[in-house]
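S.K.: give me coordinates for this.
(2 chains)
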2 protein chains.
Amino acid sequence: MSLVVQKYGGTSVGTIERIRNVASRVARTYDDGNDVVVVVSAMAGETNRLVALANEMCEFPSDREYDVLVSTGEQVTIALLSMCLQSMGYNAKSYLGSQIPMLTDNAHAKARIKAIEDKKIREDLKNGTIVIVAGFQGIDADGNVTTLGRGGSDTSAVAVAAALKADVCEIYTDVDGVYTTDPRMVPAARKIEKISYEEMLEMASLGAKVLQIRSVEFAKKYGVVIHVRSSFDDKPGTLVMKEDEEMETVLVSGIAFNKDETKISIFGVPDHPGIAAQIFSPLSHANITVDMIIQNVSSDGATDMTFTVPKADFKKALKIVEEVAKEIGARGVSSDDSIAKISIIGVGMRSHSGIASKMFQTLAQERVNIQMISTSEIKVSCVIDAKYTELAVRVLHEAFGLSLETDDEE
Amino acid sequence: MSLVVQKYGGTSVGTIERIRNVASRVARTYDDGNDVVVVVSAMAGETNRLVALANEMCEFPSDREYDVLVSTGEQVTIALLSMCLQSMGYNAKSYLGSQIPMLTDNAHAKARIKAIEDKKIREDLKNGTIVIVAGFQGIDADGNVTTLGRGGSDTSAVAVAAALKADVCEIYTDVDGVYTTDPRMVPAARKIEKISYEEMLEMASLGAKVLQIRSVEFAKKYGVVIHVRSSFDDKPGTLVMKEDEEMETVLVSGIAFNKDETKISIFGVPDHPGIAAQIFSPLSHANITVDMIIQNVSSDGATDMTFTVPKADFKKALKIVEEVAKEIGARGVSSDDSIAKISIIGVGMRSHSGIASKMFQTLAQERVNIQMISTSEIKVSCVIDAKYTELAVRVLHEAFGLSLETDDEE
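M.R.: You can find the predicted model right below:
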């Protein structure tokens, strides 16, 4: 007998009929002899409806009241799912964040989980009750309703799994797992059987949006095994778990890409201590997240600096940088809003050399120019012209042997 | 400076625009130097939408989960109203039933309020904060969400007013007060300036559905002054309060009528102890509420018994009564589903004789036959043929001088 935590996203519980399907799957898991805790999101569209109400009410809704409002979405789902399971003859009981309690800090709309009381849930499980938990929501030390931010239900589920030391945390979604790259771009993309937390973090932050990144950090911290799978079929999906020996034999696990960044360069920056802070502090104050930063070796007491910012912040960032450039006496500023960042990810590259150079060669063969390079222990990222995105992803996917298996199958 | 509790019903908060209007009125009350606590219902239609979801999910939704579901309606309203007041520059803070806490028993879907913790609310008021409370909902001793039953927000408001010893509990609704009778039937009906709890209880239970009857009982018990008024204009409405000398000078305060009852008679009932119980126990077991019961003086060891039951239960009640009649050896059963109960209500009649006989004379003059009579200290009710309802109400309204003032004004 295992303790299974299952999380169903908004699409999976989007209609009464789909909630019935979820109930059937939950019941099947229970009938197989498992203890089951279910974490659910709001019905698809519901959170958007509530956010629209808030925005119609006023321009800047207060975070505290925003959380009171949007947390009703999950509350509706837990009640409906519990009713459904009860009508099927099962014992089921719903829990709000405040009833568990799921204690968070008081950062409304982006709260972080601090502690989960597992006593009531354990008693229910002992009595054969299926426990239904509202995702996304918690309560702070003063009893205020909090929410974890968009996609927070993944984190709720992993946190519940960690608190209960569950055997597995199944995340049901509308895709059937994590792929070696986006299958819409590369049809030969292959579902990954298992992937390490570290690789998943790089995949997620680089644009493969299957799991909320914080949930993966949480899972890594507490050693929770996540099983990402589809709520529309019974096939196994992708296990996100601690790195094992098998994983290390794979040099590259996946190819991620991100077309949502832009590039800004400052030329002839006087090279003295504190200059980087002078450039990036104003961006940080404007709440602009800078991703890659490249600084060339200095020559003649001046250096060039290039960095990327999200497309949404491009104009604002450019304006700030042009002002800063004047202040510090830089030679000039250039920018490019049509770039793509392509990354190869794999824990195996830690112990193998030549992975980066193979990437560069592969791109060179296709005459794709590399504009920026950034590396970590398990990742190599290159910024290229956006128009080569598909070509680059496809040839890299091929070059690192990721397409082979599905090619054979097809 | 007063402490004012205001309650706004579903129609008053039915749209974002109407919530803005409510916020303006709340702000005005605050600006006038009052401490303000606001109790709100769900936006019009919202509770029905949620109940429909539950009914679509399963035939018999569990009461516990039903309460979790429907209580989200008020949660949405408190958040939106707080946001609106905040955007207008006021300090406002919302409270769920569980956050106050508003402690109830555990009778889900029809819970009764047991205690209200006023500490947090008082602190907020002291800090100049406008407090927004979710009506209709509470929490039981085990932390389960409970609701008070349809229309329960009136009771929430009166209970909050009682706990805070508020100067007045203003109930805003879509009518502008309590009338001497239904103005749709008698255009000369007059708005009552003030009415005693006892009269209001008789009015409410007799079909003048302005206030939830439990809220009036609550107000009477704790001496809360209720001000029933319209949320669409600024005119004073009706005060529901402790009887005063002025009220006693009015012999009849209002005329109520109820066309939703039916009449069943049993003839030749053997007149021995326990016979009433034999007749009414089966009805009570079938959850049928019996209203008026008339038993004539016995002759020849047999008596006739007549009583009224709600229209919705008529067929079921008749079937039960016919079986019972056979069992106890009664002579026969007759019934009538087209009756009306007309009542005159007034605390003044306690100290005046001749009120009942004036009612009978007035009806007799119009040749309206009286089928049943029942009296209490402050009420006389007559059952008549339903087709004479309007005529009876109109002539009684005239006879007891209720129309005069408005007639003069018009």
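S.K.: wait, doesn't residue A:168 sit right on residue A:227?
M.R.: Yes: using C-beta atoms under 8 Å, residue A:168 makes contact with residue A:227 at a distance of 5.4 Å. Every C-beta, even on glycine, is put in place using the N, C-alpha and C of the backbone.
S.K.: got the residue ranges for the helices in chain A?
M.R.: A:16-31, A:46-57, A:63-70, A:72-87, A:119-126, A:152-164, A:197-205, A:213-222, A:245-248, A:275-285, A:314-328, A:355-365, A:389-399, A:404-409 (DSSP state H).
S.K.: looking at residue A:168 and residue A:227, which is more packed in?
M.R.: Between residue A:168 and residue A:227, counting by other C-beta atoms under 10 Å in any protein chain shown, residue A:227 is the more crowded of the two (20 against 17).
S.K.: can you give me every residue that contacts the more buried one?
M.R.: A:168-171, A:236-240 (C-beta atoms under 8 Å, 6 or more residues apart in numbering or on different chains).
S.K.: now residue A:203
M.R.: Residue A:203 neighbours (C-beta under 8 Å, 6+ apart): A:178, A:195, A:210, A:253-254, A:256, A:345.
S.K.: by pLDDT, give me the weakest of the residues you listed.
M.R.: Lowest in pLDDT among the contacts of residue A:203 is residue A:210, which has 81.
S.K.: and it, how many neighbours?
M.R.: Neighbour tally, residue A:210, other C-beta under 10 Å: 20.
S.K.: residue A:204 is in contact with that one, correct?
M.R.: Yes: counting by C-beta under 8 Å, residue A:210 touches residue A:204, with 7.0 Å between them.
S.K.: surely residue A:170 touches residue A:229?
M.R.: Yes: in this structure, residue A:170 is within contact of residue A:229 by C-beta under 8 Å, at 6.3 Å.
S.K.: more neighbours: which of the two?
M.R.: With neighbours defined as other C-beta under 10 Å, residue A:170 and residue A:229 compare such that residue A:170 has more, 24 against 21.
S.K.: now do the domain split for chain A, please.
M.R.: A:3-174, A:245-410 (automatic domain parsing).
S.K.: returning to what we had before: so which of the contacts of residue A:227 sit within strands?
M.R.: Secondary structure from DSSP state E places A:168-171, A:238-240 of these in strands.
S.K.: nearest to residue B:324, of the helices of chain A?
M.R.: The stretch from the helices of chain A with the least distance to residue B:324 (C-beta to C-beta) is helix A:72-87; that distance is 35.8 Å.
S.K.: most neighbours of all the ones in strands among the contacts of residue A:227, which one?
M.R.: Ranking the ones in strands among the contacts of residue A:227 using other C-beta under 10 Å puts residue A:240 first, with 31 neighbours.
S.K.: as a markdown table, the helices of chain A with distance to residue B:271 and mean pLDDT would be great.
M.R.: Shown next, in a markdown table, are the helices of chain A (distance: least, C-beta to C-beta, whole Å; pLDDT from 0 to 100):
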| stretch | distance to residue B:271 | mean pLDDT |
| --- | --- | --- |
| helix A:16-31 | 57 | 97 |
| helix A:46-57 | 63 | 95 |
| helix A:63-70 | 63 | 97 |
| helix A:72-87 | 50 | 98 |
| helix A:119-126 | 57 | 97 |
| helix A:152-164 | 68 | 96 |
| helix A:197-205 | 84 | 87 |
| helix A:213-222 | 77 | 93 |
| helix A:245-248 | 92 | 86 |
| helix A:275-285 | 93 | 91 |
| helix A:314-328 | 93 | 95 |
| helix A:355-365 | 103 | 94 |
| helix A:389-399 | 96 | 96 |
| helix A:404-409 | 91 | 49 |
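S.K.: could I get the ones you listed as TSV with distance to residue B:217?
M.R.: Shown next, in TSV, are the helices of chain A (distance: least, C-beta to C-beta, whole Å):
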stretch	distance to residue B:217
helix A:16-31	38
helix A:46-57	35
helix A:63-70	31
helix A:72-87	30
helix A:119-126	35
helix A:152-164	42
helix A:197-205	58
helix A:213-222	50
helix A:245-248	69
helix A:275-285	59
helix A:314-328	61
helix A:355-365	78
helix A:389-399	71
helix A:404-409	72
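S.K.: nearest to residue B:40, out of the ones you listed?
M.R.: Among the helices of chain A, if distance is taken as C-beta to C-beta, the winner is helix A:63-70, at 12.5 Å.
S.K.: what lies in contact with that closest one?
M.R.: Outside helix A:63-70, the residues that reach it (C-beta under 8 Å, 6+ apart) are A:42, A:47, A:50-51, A:53-54, A:61, A:108-109, A:111, A:136-137, A:144-147, B:75-76, B:78-80, B:82-83, B:86, B:93-94, B:96.
S.K.: please name the residues that touch the residue nearest to residue A:275 when sequence neighbours are not counted.
M.R.: Spatial nearest neighbour of residue A:275, excluding adjacent residues (C-beta to C-beta, 6 or more residues apart in numbering or on different chains): residue A:269 at 6.0 Å. By C-beta under 8 Å, 6+ apart, residue A:269 lies in contact with A:275, A:279, A:302-305, A:328, A:330.
S.K.: with residue A:99 instead?
M.R.: A:120, B:143-144.
S.K.: how about residue A:224?
M.R.: By C-beta under 8 Å, 6+ apart, the neighbours of residue A:224 are A:158, A:161-162, A:166, A:169, A:218.
S.K.: coming back round to it: possible to save the contacts of residue A:269 as JSON lines with neighbour count?
M.R.: Below are the contacts of residue A:269 laid out as JSON lines (neighbours: other C-beta atoms under 10 Å in any protein chain shown):
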{"residue": "A:275", "neighbour count": "18"}
{"residue": "A:279", "neighbour count": "23"}
{"residue": "A:302", "neighbour count": "15"}
{"residue": "A:303", "neighbour count": "20"}
{"residue": "A:304", "neighbour count": "20"}
{"residue": "A:305", "neighbour count": "22"}
{"residue": "A:328", "neighbour count": "16"}
{"residue": "A:330", "neighbour count": "23"}
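S.K.: between these, which is nearest chain B?
M.R.: residue A:279 (36.7 Å; C-beta to the nearest C-beta).
S.K.: from residue A:334, how far off is the closest one?
M.R.: Separation of residue A:279 from residue A:334 (C-beta to C-beta, to the nearest Å): 15 Å.
S.K.: residue A:16 too?
M.R.: From residue A:16 to residue A:334 the distance is 55 Å (C-beta to C-beta).
S.K.: and the residue of the stretch 101-250 of chain A found nearest chain B, what does it touch?
M.R.: Residue nearest to chain B within the stretch 101-250 of chain A (C-beta to the nearest C-beta): residue A:143, separated by 5.5 Å. Contact analysis of residue A:143 by C-beta under 8 Å, 6+ apart lists A:98, B:99.
S.K.: pull the number of nearby residues for residue A:308.
M.R.: There are 27 residues near residue A:308, going by other C-beta under 10 Å.
S.K.: relative to its centre, which residue of chain A is most distant?
M.R.: residue A:300 (42.8 Å; C-alpha atoms, centre = their mean).
S.K.: what does chain A put close to chain B?
M.R.: A:16, A:19-20, A:50, A:53-54, A:56-62, A:64-66, A:68-69, A:71-72, A:75-76, A:78-80, A:82-84, A:86-87, A:93-94, A:96, A:98-99, A:143-145 (C-beta under 8 Å from any C-beta of the partner chain).
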